[in-house]
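Q: build me a model from this:
(2 chains)
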2 protein chains.
Amino acid sequence: MQIIQDTYEKLSAQVTQRQNQAANNPTVEATVAQIIADVRQNGDAALKTYTQKFDNVTLDDFRVPQSVIDEAYDNCPKDLLDALKLAQKNITSYHEKEVTYGFMDAEQPGVVRGQKVLPLAAVGLYVPGGTAAYPSTILMSAIPAKIAGVAKIVMVTPPQPEGINPAVLTAAKLVGIDAIYQIGGAQAVAALAYGTNQIPQVDKIMGPGNIFVAIAKKQVFGQVDIDMIAGPSEIGIIADENADPKKIAADLLSQAEHDKLARPMLVTTSLAIAQATSQAVDDQLTTLPRQEIAQAAVDNQGFIAVVDNLDQAFDLMNQIAPEHLEIQVDEPMTYLNQIQNAGSVFLGANASEPLGDYLAGPNHILPTAGTARFFSPLGVDDFVKRIQYVQYTKNALAKEEKAITKLARIEGLEGHARAIESRF
Amino acid sequence: MQIIQDTYEKLSAQVTQRQNQAANNPTVEATVAQIIADVRQNGDAALKTYTQKFDNVTLDDFRVPQSVIDEAYDNCPKDLLDALKLAQKNITSYHEKEVTYGFMDAEQPGVVRGQKVLPLAAVGLYVPGGTAAYPSTILMSAIPAKIAGVAKIVMVTPPQPEGINPAVLTAAKLVGIDAIYQIGGAQAVAALAYGTNQIPQVDKIMGPGNIFVAIAKKQVFGQVDIDMIAGPSEIGIIADENADPKKIAADLLSQAEHDKLARPMLVTTSLAIAQATSQAVDDQLTTLPRQEIAQAAVDNQGFIAVVDNLDQAFDLMNQIAPEHLEIQVDEPMTYLNQIQNAGSVFLGANASEPLGDYLAGPNHILPTAGTARFFSPLGVDDFVKRIQYVQYTKNALAKEEKAITKLARIEGLEGHARAIESRF
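A: From the prediction side, this is the model:
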């Protein structure tokens, strides 16, 4: 794995330059726009056509029968079901602490102001097909939605030759998904955004997918809400001289194996740790089943940077704003204040990143590609909306009449001023 | 103003059909994409070129000198400054109640889980030029950002022949805007998203603008966060037989005067109120300075619907999800639970909508075009991000090892399982 040593300024320029590579793909964008327009116009008939074309299956009824879901759940091996239930318990207890409430403010005479928080009415979850069908992602998406109080959660997933992955069906039943539809790609996103006879229109679409899904989500943003446009996985590790290179290497590879474009990054104050980690990555790669993918990520996307001190390490990572950030240093909790930009943080040698992917409870749907500067992990807040309200007595309004009409007339909005004056 | 009476089903189909008209404009989209690419590539030189082309001004230094801002502030008439300060006070005291905090959870042995809430580092505010330059919008945008703790707030606004509107400069100084740049259009959005030598890169871009600004915001979404794509203003009024038609008419016109595409809507249980309001709208229109605009909105976008009962009225409004919703009925607060979709709610005869535009304190940057189904008013939450964290002892990890490795291997991610196993 490439080790970089340079001045801090050059390091900074080198490791952060990859951020501004936003995807633009006019051909895919045009194709996706066409698919969305077709689904809006022709509904289920368009869904049938695209499912024939892209998935090679002819379906008239997209919904997965309840009996198929029940059968998958009933036949789920006990150790897998227990693992899913433990994950569900931890994810639930973490996200329950995110719940926020509205307020009512009656501080001023004759004035009531407040805000109420309501769940979204319906949300749709996109689940990729094939080997990328992750039951854990269903838990991570649906549990915060349920805690928020969303009444209807539906799932779409591309039809598979051998049927939908039973672990996916089990996870869906466990968290109370209301309906599963066998549609995928941009057509599935369009159906959720606009509704068809069979597919309900939702308020928010979430979940990962290929470039067609990602671009479709971006195109329907505004018609519905979306979670985020997720990019390749990233892990940043900050390590001091006492960290364990074998554990660091294993954690770097756990993200490298996701995707050839995944980005494993180590910033350390110790050249010895850098060298030992590089060696450990090479060693561990030789027996990794997804070696080819991980190797490409390590070679082309990854780096090990050696810095002078931990302050520089945190500065670099804050510029990168990694999706996952491990702090493998002594007394890691005491560095929490130095972290400005990251999705999910893993403190200390035992908090290996996959702990967060599956079980600890914090979400694994996280901002990527530097967007942790302004985006947050998926949480309960993503499934609520806020409504403001205000009530005034005539006396209370009278006290503010002059200020309101002054501002309205400065802005050239006479009708606004007259609306207030019509009360007196 | 058009009065509609029909079965509830037909009314519902008629008044909600306008929702699904998302804007697609390939020509503008291509122009905007070209401008953004140019600003990314050529920075300030591109800004200079577009400012010459679109604003007919040659500028080398875009920043408004502090002396110009100070002069506007010092020369601001006392009644206007007092009005702005009263608005500032109310907006501040309302939005302070929106502040949320992180948490730390130490409920399980050997496990610490938490979440910290941090302000965005820098945000950019777009302020339109000309008569649409609203000082009130600067207060509404910047105050929640300040409360969230945003360290740097910059403003962009197109250069004006007579200089930037002094009320805008005064409002900007009052709320502590850090810098004002005379650039507008898609080029200003691009500059804030990617940064140039003169213009700082921000984490979030907010504020209204023309179609070029709106499409530019949509195109840079993901590179930065944006507030929302705001459409024409809307007001929905629910009125019973005791409401005052003159006040209702004045409030409908206060939104109609914004834009020919603004949408004034009344749903009432009383045909007499419907007819009297229609007449009052006609009467009040004759003397309104912005009569032409308001008349177009009333004629082409507005309606008065007569329904059988208040339940139907609330159902209709929940389908429409109006930006502003007035409840002009007896004991209005008791109907708060029936409101599912709306941006800002005005309860009772004294809570005229312009009260919320300027002074009550709740935000006036609100979801439009039915997006109140899933979007919220601008608030403190828009200016923060959340970071998750977790720390485990070895014993705590050991208890969950089997579940993690089971889930990892079910998902075909052997490297994830091995990362956990490397701890034992």
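Q: make it CA atoms for all contacts and neighbour counts henceforth
A: Will do.
Q: quick one: residue A:237 is in a helix?
A: No: counting by DSSP: H, G, I helix; E, B strand; the rest coil, residue A:237 is not part of a helix but strand.
Q: OK, contacts around it?
A: Residues near residue A:237 by C-alpha atoms under 8 Å, 6 or more residues apart in numbering or on different chains: A:248, A:252, A:265, A:266, A:267, A:325, A:326, A:327, A:328.
Q: confidence score at it?
A: Predicted confidence (pLDDT) for residue A:237: 98.
Q: who's it bridged to?
A: When assigned by DSSP bridges, residue A:237 has beta-bridge partners residue A:266, residue A:326.
Q: and it, how far from chain B?
A: Plainly put, residue A:237 is 14 Å away from chain B if you go by C-alpha to the nearest C-alpha, to the nearest Å.
Q: what does residue A:359 give?
A: Residue A:359 sits 6 Å away from chain B, going by C-alpha to the nearest C-alpha.
Q: can you give me the neighbour number for that residue?
A: 27 (other C-alpha atoms under 10 Å in any protein chain shown).
Q: show the pLDDT at it.
A: At residue A:359, the predicted lDDT confidence score is 96.
Q: now residue A:151
A: For residue A:151, the model assigns a pLDDT of 97.
Q: how many neighbouring residues does it have?
A: The burial count for residue A:151: 13, using other C-alpha under 10 Å.
Q: again, but for the one 3 residues further on
A: When neighbours are counted by other C-alpha under 10 Å, residue A:154 registers 23.
Q: doesn't it lie inside a strand?
A: Yes: under three-state DSSP, residue A:154 sits within a strand.
Q: can I assume it is in contact with residue A:177?
A: Yes: assessed by C-alpha atoms under 8 Å, residue A:154 is found in contact with residue A:177 at 5.8 Å.
Q: neighbour-wise, which of the contacts of residue A:237 leads?
A: residue A:252 (32 neighbours).
Q: where's it relative to residue B:315, distance?
A: Separation of residue A:252 from residue B:315 (C-alpha to C-alpha, to the nearest Å): 53 Å.
Q: likewise for residue A:272?
A: Counting by C-alpha to C-alpha - residue A:272 and residue B:315 are separated by 67 Å.
Q: next one: residue A:325
A: For residue A:325, the distance to residue B:315 - C-alpha to C-alpha - is 47 Å.
Q: and the worst-scoring helix or strand of chain A on mean pLDDT, is it in reach of chain B?
A: Scoring the helices and strands of chain A by mean pLDDT, DSSP states H and E places helix A:8-16 at the bottom, with a mean of 82. No: figure legend: helix A:8-16 not in contact with chain B (C-alpha under 8 Å from any C-alpha of the partner chain); closest approach 13.6 Å.
Q: summarise which helices and strands the following helix or strand past that helix is packed against.
A: Next along the chain after helix A:8-16, taking DSSP states H and E as the criterion, comes helix A:26-55. Applying 3 or more C-alpha pairs under 8 Å, 6 or more residues apart in numbering or on different chains; DSSP states H and E, one finds that helix A:26-55 makes contact with helix A:185-194, helix A:211-220.
Q: next one: the next helix or strand after the first one to chain centre, how far?
A: Downstream of helix A:185-194, the first helix or strand assigned by DSSP H and E is strand A:204-206. On the basis of C-alpha atoms, centre = their mean, to the nearest Å, strand A:204-206 sits 10 Å off its chain's mean C-alpha point.
Q: wait, does strand A:204-206 make contact with chain B?
A: Yes: Strand A:204-206 is in contact with chain B by C-alpha under 8 Å from any C-alpha, via residue A:204.
Q: please save the CA atoms from whichever strand or helix holds residue A:280 in CSV.
A: Element membership for residue A:280, per DSSP H and E: helix A:271-285. This file holds the C-alpha atoms of helix A:271-285, laid out as CSV (Å, rounded to 0.1, in the frame of the first residue of the first chain):
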residue,chain,number,x,y,z
LEU,A,271,6.5,5.5,10.0
ALA,A,272,7.0,2.0,11.6
ILE,A,273,3.2,1.6,11.9
ALA,A,274,2.8,2.8,8.3
GLN,A,275,5.3,0.2,7.0
ALA,A,276,4.0,-2.6,9.2
THR,A,277,0.4,-1.9,8.1
SER,A,278,1.4,-1.8,4.4
GLN,A,279,3.0,-5.2,4.9
ALA,A,280,0.0,-6.6,6.8
VAL,A,281,-2.4,-5.4,4.1
ASP,A,282,-0.4,-7.3,1.5
ASP,A,283,-0.3,-10.4,3.7
GLN,A,284,-4.0,-10.4,4.4
LEU,A,285,-5.0,-9.7,0.8
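Q: and the next helix or strand past it?
A: By DSSP H and E, the next helix or strand past helix A:271-285 is helix A:291-300.
Q: what residues does the stretch 201-350 of chain A have near chain B?
A: Checking the stretch 201-350 of chain A against chain B by C-alpha under 8 Å from any C-alpha, the hits are A:203-204, A:222-225, A:228-229, A:246-247, A:250-251, A:253-255, A:257-258, A:288-290, A:333, A:340-348, A:350.
Q: in strands only, show me those residues.
A: A:204, A:225, A:344, A:345, A:346, A:347 (DSSP state E).
Q: who's in contact with the last one?
A: So that's residue A:347. Contacts of residue A:347 (C-alpha under 8 Å, 6+ apart): A:326, A:327, A:328, A:332, A:333, B:389, B:390, B:391, B:392.
Q: at 7 Å what do you get?
A: Contact analysis of residue A:347 by C-alpha atoms under 7 Å, 6 or more residues apart in numbering or on different chains lists A:326, A:327, A:328, A:332, A:333, B:390, B:391.
Q: how about CSV for the residues you listed, with pLDDT and distance to residue A:30 added?
A: Output for the contacts of residue A:347, formatted as CSV (pLDDT from 0 to 100; distance: C-alpha to C-alpha, whole Å):
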residue, pLDDT, distance to residue A:30
A:326, 98, 40
A:327, 98, 43
A:328, 97, 45
A:332, 96, 48
A:333, 95, 48
B:390, 98, 42
B:391, 98, 46
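Q: from those, which is closest to residue A:71?
A: Using C-alpha to C-alpha, residue B:390 is the member of the contacts of residue A:347 that lies nearest residue A:71, at 35.9 Å.
Q: spatially nearest residue to the closest one (excluding sequence neighbours)?
A: Leaving aside its sequence neighbours, residue B:390 sits nearest to residue B:113 (C-alpha to C-alpha, 6 or more residues apart in numbering or on different chains; 4.4 Å).
Q: which other helices and strands does the host helix or strand of residue A:312 contact?
A: Secondary structure from DSSP H and E places residue A:312 in helix A:310-320. Judged by 3 or more C-alpha pairs under 7 Å, 6 or more residues apart in numbering or on different chains; DSSP states H and E, helix A:310-320 is in contact with helix A:8-16.
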